[in-house]
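Engineer: sequence plus the predicted model coming up.
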2 protein chains.
Amino acid sequence: MDQAAGRRREPTMRDVAALAGVSTKTVSRVINDQPGVGPEATERVRAAAHTLGFRPNLTASSLRRSDRRSATLGVLFEDLSNPFDSALLRAVEDRARSSGVLVLTGSDEDDPRLQRELLALLASRRVDGMIVMAVGGHQDALQQERERGTPMVLVDRPPTFANTDSVTTTNRESTREAVLLLASLGHRRIGFLGDRQALWTSQQRYTGYLEGLAHAGLTLREDLVMTDLRGPDAAEAATATLLDLAQPPTALFTAQNLLTLGAMRTLRDRRLHHRIALIGFDDFPLADMLEPSVTVIRQDVPAIGRTAAELILARIEGDQAPVVHAVIPALLISRGSGEIPPQPD
Amino acid sequence: MDQAAGRRREPTMRDVAALAGVSTKTVSRVINDQPGVGPEATERVRAAAHTLGFRPNLTASSLRRSDRRSATLGVLFEDLSNPFDSALLRAVEDRARSSGVLVLTGSDEDDPRLQRELLALLASRRVDGMIVMAVGGHQDALQQERERGTPMVLVDRPPTFANTDSVTTTNRESTREAVLLLASLGHRRIGFLGDRQALWTSQQRYTGYLEGLAHAGLTLREDLVMTDLRGPDAAEAATATLLDLAQPPTALFTAQNLLTLGAMRTLRDRRLHHRIALIGFDDFPLADMLEPSVTVIRQDVPAIGRTAAELILARIEGDQAPVVHAVIPALLISRGSGEIPPQPD
DNA sequence: ACCGGTTACGTCAACGTTGACGCAGGAGGA
DNA sequence: TCCTCCTGCGTCAACGTTGACGTAACCGGT
């Protein structure tokens, strides 16, 4: 047995047919459970297939079939090593596998060039449909792919173009809810740390923040808002800046999980983590093990993934229903850090 | 534009050929950068392909080519939503993409039936090779697949059968090192919490524990060893059991990241987290944000993934070198919890 | 005995692409 | 001048499978 080259030729339907003494078409019928084959012929084919270890070649099959199905889905996320993305992938995968569908994956790092390239690689493998996290900025590549007729569902962020399903979460509403919670505890100076404003989710969360302030009768203080923070280190520095203000915030809202970590780090360094309230968007492992435990807004990632998978599978089956923009509710999980009242100076 | 059905027919080489006024073979040559086409014909083909939006059908191509390559790899891990697995996937993916190869994924949940099923699904899509985390117990399905000639590399756990590459880490050596560190601080009663002993990694880590004790001149106390723990809850209970002994351990070694979390939870509940030393196998996010920060053995996940991908790609290219069992060194990261000296009772 | 229908197969071509091979025309050498 | 080689194409068949269609045998009814 070699490691690689000299790979044994896989047995084909022709081989099975020869051994069973029937035509390849009959083998095809048996393999695909189609009617029109007698019980003994069926048995002979089954036996032959088993002794030869025959496995149908799905690429040849999908080439020839009229529906062209490859029973393969493309999944294009920002970064599959991110817990949010990988949990989403897992949910998609589970739902897909129950339909015998496998998943071809890619990480585009939110880079339009990379996304376009990966889209092309998926397309040349003729996946039946794609579940994609759109990159920030314009979605030209996605739109072009969609206009070619590729079934597509966007997750996490909706399309900027027409006629494409999406699954997102209650970014705005849940953020508003969190801000209202803080305000109800008496906080008047609530800081906001946000991701890149080019991202739709960031904009939504910021809008929710503004709405929350308005509902609580608070006026926006621009100096308490820091956006376009990329990663925990930026959030760490931004938090320090806010705390150094003459009138520092008594509560913080962090609009993304990495930013939550950065903010926590600064609060901890300054021994303020029990004195300044903190609510973060996105749950993360161990949030409940920290001191104080971190209050977060948790997206229902399994539901998002399952919904996206169900949508795309239905579209692939030919579902012609009007476009769907599903919104999966997120949940505010109170753990302690968000319930700290404002502290006297 | 419909959502799904009535999917536009993708343009083929025939369409391009017709528009460019050449034969399909000439189109094929241009697309594949093969020689034997004049500059103007090349230009006409390029233009035609561009205006039609032609993209080669890789499934048809791989069916016909002599090497049968589909430029697709199968990756079969235990659970893609686990941070270790997803980081590994990401590393594999990056290395593969630099060769234009895409990855077809699956999670087998350490279930032999599921693994066999997913293996078959990957095989019927004729992936060029597979990177697999073997399930605990016997590896029959893997071995059979391997014996059919499928190029294969195992990660995290080595094969129990011949002639198959693997990439693992220094489970035994690093565990020994950790135990020696604890012993050097004066610990005499070091507890061990282990995963299912059916897993190779668990056995290795347990062996390392034994070796560490022996090197330190300590005798094994069986009552301090708890194995076959599944998940954090089991570890939590096991830790409680150990602490309730007449002579409880003064230090703990947890052989897997979920077990580390469970042990930490119990230590914290009993307010012993600053009095009992703890070292865990596998790093995890936020380990540095806890109090005390958790000393861990960190596997070099990117290196493992990259190495596995390079191995499989080389084998696919026909590399006939003898079997490789790569071992990637893990690193002990001292953060505090592992440096707590034994406390007087 | 004859007809219409059904059952259980088989034959053939085609899906989109590429390997093997063929061929015309021009360049270059004897 | 003729032969050879090379360049730049084209033709054809085949990869493994399945849709469309053909057909022989048999059934029941008249």
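Structural biologist: It's in. Just so it is clear, the structure is predicted and the values come from calculations on it, not from any experiment.
Engineer: so how far is DNA strand D from whatever residue of the stretch 201-345 of chain A ends up closest to DNA strand C?
Structural biologist: The nearest approach of the stretch 201-345 of chain A to DNA strand C comes at residue A:316, 17.9 Å away (C-beta to the nearest atom of the strand). The C-beta positions use only the backbone N, C-alpha and C, and glycine is treated the same way. The spacing between residue A:316 and DNA strand D, counted by C-beta to the nearest atom of the strand, to the nearest Å, is 16 Å.
Engineer: how many neighbouring residues does that residue have?
Structural biologist: Applying other C-beta atoms under 10 Å in any protein chain shown, we find 22 residues neighbouring residue A:316.
Engineer: for it, give me the pLDDT.
Structural biologist: With respect to pLDDT, residue A:316 scores 95.
Engineer: touching, it and residue A:131? I think so.
Structural biologist: No. Counting by C-beta atoms under 8 Å, residue A:316 stays clear of residue A:131, with 11.3 Å between them.
Engineer: up against DNA strand D, what does the stretch 51-200 of chain A have?
Structural biologist: By C-beta under 7 Å from any atom of the strand, the part of the stretch 51-200 of chain A that sits against DNA strand D consists of A:56, A:57, A:60, A:61, A:63, A:64, A:65, A:66.
Engineer: and the next helix or strand past the helix or strand hosting the fifth one?
Structural biologist: Residue A:63 is located in helix A:58-64, with elements delineated by DSSP states H and E. Reading on from helix A:58-64 to the C-terminus, the next helix or strand found by DSSP H and E is strand A:72-77.
Engineer: packing partners for that following strand?
Structural biologist: helix A:83-97, strand A:102-107, helix A:112-124, strand A:129-132 (3 or more C-beta pairs under 8 Å, 6 or more residues apart in numbering or on different chains; DSSP states H and E).
Engineer: mind checking these for the one nearest to DNA strand C?
Structural biologist: Nearest of these (C-beta to the nearest atom of the strand): helix A:112-124, 8.3 Å.
Engineer: so residue A:272 makes contact with residue A:243?
Structural biologist: Yes. Residue A:272 lies in contact with residue A:243 (C-beta under 8 Å); the separation is 7.1 Å.
Engineer: then stretch A:106-113 to PDB, C-alphas only?
Structural biologist: Provided in PDB are the C-alpha atoms of stretch A:106-113 (Å, rounded to 0.1, in the frame of the first residue of the first chain):
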ATOM      1  CA  GLY A 106     -13.600  29.200   3.900                       C
ATOM      2  CA  SER A 107     -12.400  32.200   6.000                       C
ATOM      3  CA  ASP A 108     -12.300  35.500   4.200                       C
ATOM      4  CA  GLU A 109     -10.900  37.600   7.000                       C
ATOM      5  CA  ASP A 110     -13.300  40.300   6.100                       C
ATOM      6  CA  ASP A 111     -11.200  41.000   3.000                       C
ATOM      7  CA  PRO A 112     -13.100  41.700  -0.200                       C
ATOM      8  CA  ARG A 113     -10.400  40.300  -2.400                       C
END
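Engineer: just the buried positions in it, please.
Structural biologist: Across stretch A:106-113, burial judged by 16 or more other C-beta atoms under 10 Å in any protein chain shown covers A:106, A:107, A:108, A:110, A:112.
Engineer: what of stretch A:162-180?
Structural biologist: Within stretch A:162-180, the residues that count as buried by 16+ other C-beta under 10 Å are A:164-180.
Engineer: and it, anywhere near chain B?
Structural biologist: Yes. In terms of C-beta under 8 Å from any C-beta of the partner chain, part of stretch A:162-180 sits within range of chain B, namely A:163, A:164, A:165.
Engineer: what ranges do the helices span in chain A?
Structural biologist: Here chain A has its helices, by DSSP state H, at A:13-20, A:24-31, A:39-52, A:58-64, A:83-97, A:112-124, A:140-147, A:171-184, A:200-215, A:231-243, A:257-269, A:301-316.
Engineer: burial measure for the residue of the stretch 1-150 of chain A found nearest DNA strand C, as a count.
Structural biologist: Nearest residue of the stretch 1-150 of chain A to DNA strand C: residue A:38, at 2.5 Å (C-beta to the nearest atom of the strand). Burial of residue A:38 is recorded as 9 neighbouring residues (other C-beta under 10 Å).
Engineer: same question for residue A:8.
Structural biologist: Residue A:8, neighbours per other C-beta under 10 Å, totals 12.
Engineer: contact partners for it?
Structural biologist: Counting by C-beta atoms under 8 Å, 6 or more residues apart in numbering or on different chains, residue A:8 makes contact with B:148, B:149.
Engineer: can you give me the pLDDT of it?
Structural biologist: On pLDDT, residue A:8 comes in at 71.
Engineer: where's it relative to residue A:304, distance?
Structural biologist: Computed as C-beta to C-beta, to the nearest Å, the residue A:8 to residue A:304 distance reads 42 Å.
Engineer: what's the weakest-modelled helix or strand in chain A?
Structural biologist: For chain A, using mean pLDDT, DSSP states H and E, the weakest element among its helices and strands is helix A:257-269, scoring a mean of 93.
Engineer: determine how far that helix lies from the middle of the whole chain.
Structural biologist: On the basis of C-alpha atoms, centre = their mean, to the nearest Å, helix A:257-269 sits 24 Å off its chain's mean C-alpha point.
Engineer: return the set of buried residues in that helix.
Structural biologist: Buried, per 16+ other C-beta under 10 Å, within helix A:257-269: A:257, A:258, A:259, A:260, A:261, A:262, A:263, A:264, A:265, A:266, A:267.
Engineer: please apply the same query to stretch A:278-290.
Structural biologist: Using 16+ other C-beta under 10 Å as the test for burial, stretch A:278-290 gives A:278, A:279, A:280, A:281, A:282, A:283, A:284, A:286, A:287, A:289, A:290.
Engineer: state the number of residues packed around residue A:15.
Structural biologist: Applying other C-beta under 10 Å, we find 17 residues neighbouring residue A:15.
Engineer: quick check, it in contact with residue A:55.
Structural biologist: No. Applying C-beta under 8 Å as the test, residue A:15 and residue A:55 come out as separate, 11.6 Å apart.
Engineer: got any ranges where chain A has weak pLDDT?
Structural biologist: For chain A, the stretches with pLDDT under 70 are A:1-7, A:345.
Engineer: give me every residue in it lying close to DNA strand C.
Structural biologist: Within chain A, the residues that sit near DNA strand C (C-beta under 7 Å from any atom of the strand) are A:21-26, A:35-38, A:40-42, A:60, A:63-64.
Engineer: those residues: which two are farthest apart?
Structural biologist: Farthest pair in the residues of chain A next to DNA strand C (C-beta to C-beta) is A:40 and A:63. Separation: 31.3 Å.
Engineer: more neighbours: which of those two?
Structural biologist: Relative neighbour count places residue A:63 above the other of residue A:40 and residue A:63, with 17 against 8, counting by other C-beta under 10 Å.
Engineer: which ones are touching that one?
Structural biologist: Applying C-beta under 8 Å, 6+ apart, we find residue A:63 in contact with B:57, B:59, B:60, B:63.
Engineer: mind saving the C-alpha coords of the helix holding residue A:63 as PDB?
Structural biologist: The C-alpha trace of helix A:58-64 is given here as PDB (Å, rounded to 0.1, in the frame of the first residue of the first chain):
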ATOM      1  CA  LEU A  58     -20.900  11.900  -6.600                       C
ATOM      2  CA  THR A  59     -19.000  14.300  -8.900                       C
ATOM      3  CA  ALA A  60     -19.900  12.200 -12.000                       C
ATOM      4  CA  SER A  61     -23.400  11.900 -10.800                       C
ATOM      5  CA  SER A  62     -23.900  15.600 -10.200                       C
ATOM      6  CA  LEU A  63     -22.400  16.300 -13.600                       C
ATOM      7  CA  ARG A  64     -25.000  14.100 -15.300                       C
END
